[in-house]
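Return atomic coordinates for the entry below.
(2 chains)
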Protein chains: 2
Amino acid sequence: MKIALAQLNYHIGNFESNTAKIIDAIKKARENGADLVVFAELCVGGYPARDFLEFKEFISLCNQEADAIAAVCQDIACIIGIPTVNNQPEGKDLNNSAYFINNGKVEAIVSKALLPNYDVFDEYRYFEPCTQFNCIDFKGHRIALTICEDLWNTIENPLYITRPMDELIKQQPDVMINIAASPFTYSHDEERIAILSDNAKRYNLPLFYVNQVGAQTELIFDGGSLVFDNNGAIIDEMPYFEESIGYYTLQNDAKIVPQHTPTLKTTRASDIEQIHNGLLLGIRDYFYKSGFKQATLGLSGGIDSAVVCALAAEALGAENVMAILLPSKFSSDHSLKDAMDLVQNLGCRHEVIAIKEVTDAFEQALSPQFKNLPFNIAEENIQARSRAVLLMAMCNKFGYILLNTSNKSEAAVGYGTLYGDMCGGISVIGDVYKTQVFELAKYINRDREIIPVNTIVKPPSAELRPGQKDTDSLPDYDILDKILKEYVENRCSSGEIIQMGYDETTVRKVIKLVNTAEHKRYQTPPILRVSPKAFGVGRRMPIVGKYLS
Amino acid sequence: MKIALAQLNYHIGNFESNTAKIIDAIKKARENGADLVVFAELCVGGYPARDFLEFKEFISLCNQEADAIAAVCQDIACIIGIPTVNNQPEGKDLNNSAYFINNGKVEAIVSKALLPNYDVFDEYRYFEPCTQFNCIDFKGHRIALTICEDLWNTIENPLYITRPMDELIKQQPDVMINIAASPFTYSHDEERIAILSDNAKRYNLPLFYVNQVGAQTELIFDGGSLVFDNNGAIIDEMPYFEESIGYYTLQNDAKIVPQHTPTLKTTRASDIEQIHNGLLLGIRDYFYKSGFKQATLGLSGGIDSAVVCALAAEALGAENVMAILLPSKFSSDHSLKDAMDLVQNLGCRHEVIAIKEVTDAFEQALSPQFKNLPFNIAEENIQARSRAVLLMAMCNKFGYILLNTSNKSEAAVGYGTLYGDMCGGISVIGDVYKTQVFELAKYINRDREIIPVNTIVKPPSAELRPGQKDTDSLPDYDILDKILKEYVENRCSSGEIIQMGYDETTVRKVIKLVNTAEHKRYQTPPILRVSPKAFGVGRRMPIVGKYLS
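Have a look, this model is predicted:
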């Protein structure tokens, strides 16, 4: 049996484009002599479709598309992921299903049993878990077909009380296929390989795994579809962050022969390289799928906006990036120069709009109320918000999308102005700690100086008052980021973090800052997710709650 | 057996205050001769604690508090709601549990079987459903204790495949107790009474139901705890939107005798009265629980800000409300007068800050870029955003919280400026359609004219360009709101709504506006929820998706 794995980039709700891609891949696979072509989880309709799934019209359109796909399945079978109506009288309305289509019709339906409902996942919101398990017979093989999480109930940390393969194995399948929509994080590829390899070994079966690729707003899917032999050894690892179709012959002796020569990786891509590639895809798909072309951002001369500008220029083309320099009286001389150097290195367009007259007008307008009260956070925020008004005016006038340039460390401790520098359509590096932003800048400069060295080496500053430095109000970033990781990602308490050896005052201060910034983060743009715990939909904290520590 | 139902207002994560309230109620109940005092679901720690539940420290603190509560339970038993560690080797880490505490210790633990995971609920995110059911024997009675949703699997629309009472009834209990955290909507009280009454009848058992009261950021809990006899007749309906303790004697013949004379309602409070009272509690708890006292808002002379101002003055006291009038060259003469009339009627403070110099400065700063391009949405938004900068500056300088004044109709169709009038700490009427805002204004004026009649009768306008009216770009609100309700709340497709008799062009236009405003709503403040489907945590739509219709 010759199997094609189609790792494609879908667009949620865009039936026309998704179906066209699927049908195109079916035809290609047939031309290539494949017996079966396998697509990703919920590829019809896209994943995650969220509350689109609550519209009956959405579900019926999915099934219309499945009919169109089935119509072309002659002399080739396919597996597609699709939401289906739960036909049991009790339970949720839907199942997260896979259709096995052969001879122009749906010959088998398999539904997902293990529904992830943690971090960014909400599958119990829509789906009833499947409790019946049947293998699929095709071309002399017996296929144990499962959907994503179905293979993820690990022995060490069993999150679910059942394990679908324990049922399916009783029917003596000779191959496993798993269709997935498994989002990227910089550590996810290794975890994925380990868990899937473990399944192949445990059940002593070859395993074909198809992931989707492409970004859906904040969630980036990295592809990296996998093929394992029955000893859990990797036979092939498909490309990351791009569409691809792989062909494999499954012999009757369970041996798998790829049609191409797989280039098996001996070392993993570094975290920073993965983040870099993930963010490029995230930016590109945000613009492409929302129908926009042109990005803008405020370029301060600092490292965050420089990195975002460089990423945007790489993702969208420098000609589609408008950098806007918005100096104030507190901007240092070198800031403007550093920003201009970057603009030149990238070849993107730029404008300079000074904010002094605007901030003066605000302070003048407020002088009857503010009287002679000392300069404080109010005046600092007026600067940041004046910049936001100017940037958004440029967006409204010229049709740009504003890129947010906050990093994860800032977003964590609330070191930013709501409705000021926290604005934007999408946050590019809001899941990248400041220490990682520095690494990212060096990675971007790996072949030539794109981000000016001065931008990388100077001490970070918001430049909202004379001589301000980030370290005036925050711990050094290498300490801060470690504490943040323990609190935000590992959910350790202040006591536990102090026990690890961090300074008590620092820990308590940092955690207090994170907690009191919850209301700010609630109102910020979606953040491209690259870590196992990003701010946004995967982290849901009370706003008016009393925080511990 | 004498039962006390304690309907209290908890604060998420505020163990000190929650435990003090619980212990105080236990002591009061004991003085009143009660044998058992019943508290709401997850009262220890508060509901919904969201991802606080993922911190081990939070769970262990909950159990420390339970020890403190148990210590005072001498000569009286109590039932408290608490998250507990799931002691099964597989499944989620926690259970949503109830402790039955007697003689100073936990004598029985019951866990929730039906975990709501729709709309605003995410209980599968944290909890493993219970699969074992045992009644509790106490003082010659056998209690079937369940938790909230456990009684909500209706016969007509069975969302779950089990029904805990079907198991418990086999043990022949003589009374049901249900502890809940059931959030308010203007139609929820009637639904709640119907479902609980149906349970009492079906199992032929008296039923004691305790709900929590109080707002947790956007979620308002209305109390209204209930007592039914075994025929499903209401014996008592506790107060709405306030704390209360009720006492009832359950006789051995299943008859229930309240200690007080219940004032059973013959008619339900109107939707608008309920919304009014709910919003007052929502505002009050948002400020009280977040430790703020003073509110501010931009007062335009229009009905939305007038209603929000009046609600804030009633909730917080007029002395704690600062109304800020921000006229522009497009503000009509009557707007300023209407706003000033309201300020006088309420007796709140006010400031007038003209925005002309600020918007002129912005247009001046942008003139090299904007050149002679015609006035459009960019300049309109500059006005709205200039107001936001001024309001936030006042907040930053004087410690106010900005109240957002967008209504649900506007929020739905994106008729508002992101980082402009869509700003604020909390959205007061973001779940109230414009047609309901008018009703609310009339309700507020029920005894005397608080909101100037002119504010109510004049045609709504954003006043961002000369002679602008809402109806220039939107259908009449009575049509708009009906279409919005079908699409947003009932999730009907455009085709279905057109079939109901609405004009096709209007329907398609409205739905397109709702869809394209998704990215705006993502970045707006939490919205006090009063309807079955509010924007915010209960409605999760893709941002970069292709929408139907």
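
all contacts plus neighbour counts: C-alpha atoms, from now on.
Will do.

and A:Ala378, what does it touch?
Taking C-alpha atoms under 8 Å, 6 or more residues apart in numbering or on different chains, we find A:Ala378 in contact with B:Met392, B:Ala393, B:Met394, B:Cys395, B:Asn396, B:Lys397.

and it, that's in a helix?
Yes: A:Ala378: assigned to a helix according to DSSP: H, G, I helix; E, B strand; the rest coil.

per-domain residue ranges of chain A.
Residue ranges for the domains of chain A, per automatic domain parsing: A:2-260, A:273-467.

Now the terminal residues of the shortest one, how far apart.
Terminal residues of domain A:273-467 lie 34 Å apart, using C-alpha to C-alpha, to the nearest Å.

Select from the contacts of A:Ala378 the one having the most neighbours.
The most crowded member of the contacts of A:Ala378, judged by other C-alpha atoms under 10 Å in any protein chain shown, is B:Met392 (26 neighbours).

In contact with that one, which residues are there?
Neighbours of B:Met392 in contact, by C-alpha under 8 Å, 6+ apart: A:Ala378, B:Leu402.

what secondary structure does it sit in?
helix.

So what's the model's average confidence on the helix or strand containing A:Glu190?
According to DSSP states H and E, A:Glu190 maps onto helix A:188-203. In this model, helix A:188-203 carries a mean pLDDT of 96.

what's the burial count for A:Lys509?
With other C-alpha under 10 Å as criterion, A:Lys509 counts 15.

per-residue pLDDT, it?
The model's pLDDT for A:Lys509 equals 97.

That one belongs to a strand?
No: checked against three-state DSSP, A:Lys509 lies outside a strand; its state is helix.

Would you pull up the residue in the stretch 1-150 of chain A closest to chain B?
For the stretch 1-150 of chain A and chain B, the shortest gap (C-alpha to the nearest C-alpha) falls at A:Gly91, measuring 4.3 Å.

ok, that residue - contacts?
Contacts of A:Gly91 (C-alpha under 8 Å, 6+ apart): A:Glu128, B:Pro158, B:Leu159, B:Tyr160, B:Ile161.

How about the contacts made by the last one?
Right, B:Ile161. With C-alpha under 8 Å, 6+ apart, B:Ile161 has these contacts: A:Glu90, A:Gly91.

what pLDDT does it get?
On the pLDDT scale, B:Ile161 gets 92.

so it is in which element?
Under DSSP H and E, no helix or strand contains B:Ile161.

Give me the buried entries from the contacts of A:Gly91.
A:Glu128, B:Pro158, B:Leu159, B:Tyr160 (16 or more other C-alpha atoms under 10 Å in any protein chain shown).

follow-up on the earlier one: is the residue of the stretch 1-150 of chain A closest to chain B in a helix, a strand, or coil?
Per three-state DSSP, A:Gly91 ends up coil.

distance of it from A:Leu53?
From A:Gly91 to A:Leu53 the distance is 15 Å (C-alpha to C-alpha).

Same check on A:Cys348?
In terms of C-alpha to C-alpha, A:Cys348 sits 41 Å off from A:Leu53.

cool, and A:Asn445?
Taking C-alpha to C-alpha, one finds A:Asn445 at 43 Å from A:Leu53.
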